[in-house]
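> sequence-free structure coming up:
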C-alpha cells in the first residue's frame, strides 16, 4: 500500500496509544510516541509548521471573542493577536531597557543647578 503524505507532523490516536508520524516532503522519517513535549518541538521545527496551543479562558471572554470574530478563521485571528501581544511585550521590554540606560547615564552626568539649566535653555535663543 502506498501512502502519500503532505504533512510535517501528524499525531494519530489509537485509543490509549498516541503516535506521531514525522514526515519530510513525502517520506516518513520518524515514528515515535507522541508526547506533549515532542509535539511542540516537532510542530515548530520548520517555518511553515503550526504548533498547537491549548489554554483556558472564562466563558464570557470566549463568548465575546466568538461574537466579535464571527465568520472569521479563529486560529488565524488568535495567531495575529498572539503576534501583536509578543510585539507589544518586546516593545515594552525595550522601553524599560532604554529607561534603565538613561537612568544609569544620569548617575554619571554632572549635576547642574537650576540656574545653569535655565542658562543652557536660554543660550542661543534670539
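That came through fine. Since we're looking at a predicted model, the values are computed, not measured. Residues are numbered from 1 along each chain as shown.

> okay, CA-based contacts and neighbour counts for the rest of this
OK.

> low-confidence ranges, this protein, go.
By pLDDT under 70, the low-scoring segments of the chain are 1-48.

> domain parsing for it?
1-54, 56-110 (automatic domain parsing).

> just to be sure, residue 117 is in a strand?
No - assigned with DSSP: H, G, I helix; E, B strand; the rest coil, residue 117 falls outside any strand and is helix.

> tally of neighbours for it?
Counted with other C-alpha atoms under 10 Å, the neighbours of residue 117 add up to 12.

> next one: residue 49
13.

> and it, how far from residue 124?
Note on residue 49: its distance to residue 124, by C-alpha to C-alpha, to the nearest Å, is 60 Å.

> got it, and residue 74?
Taken as C-alpha to C-alpha, the span from residue 74 to residue 124 is 59 Å.

> so the two - more neighbours on which side?
Each of residue 74 and residue 124 has its neighbours counted (other C-alpha under 10 Å); residue 74 has more, 13 against 7.

> need the contact list for that one.
When contacts are counted by C-alpha atoms under 8 Å, 6 or more residues apart in numbering, residue 74 touches no other residue.

> try residue 118
Residue 118 neighbours (C-alpha under 8 Å, 6+ apart): none.

> which residues in this protein form helices?
Secondary structure of the chain (DSSP state H): helices at 36-43, 59-68, 74-108, 114-122.

> to residue 53, which of these lies closest?
helix 36-43 (8.6 Å; C-alpha to C-alpha).

> returning to what we had before: which of the helices of the chain is buried the deepest?
Of all the helices of the chain, helix 36-43 carries the top mean neighbour count, a mean of 14, counting by mean count of other C-alpha atoms under 10 Å.

> lovely, talk soon.
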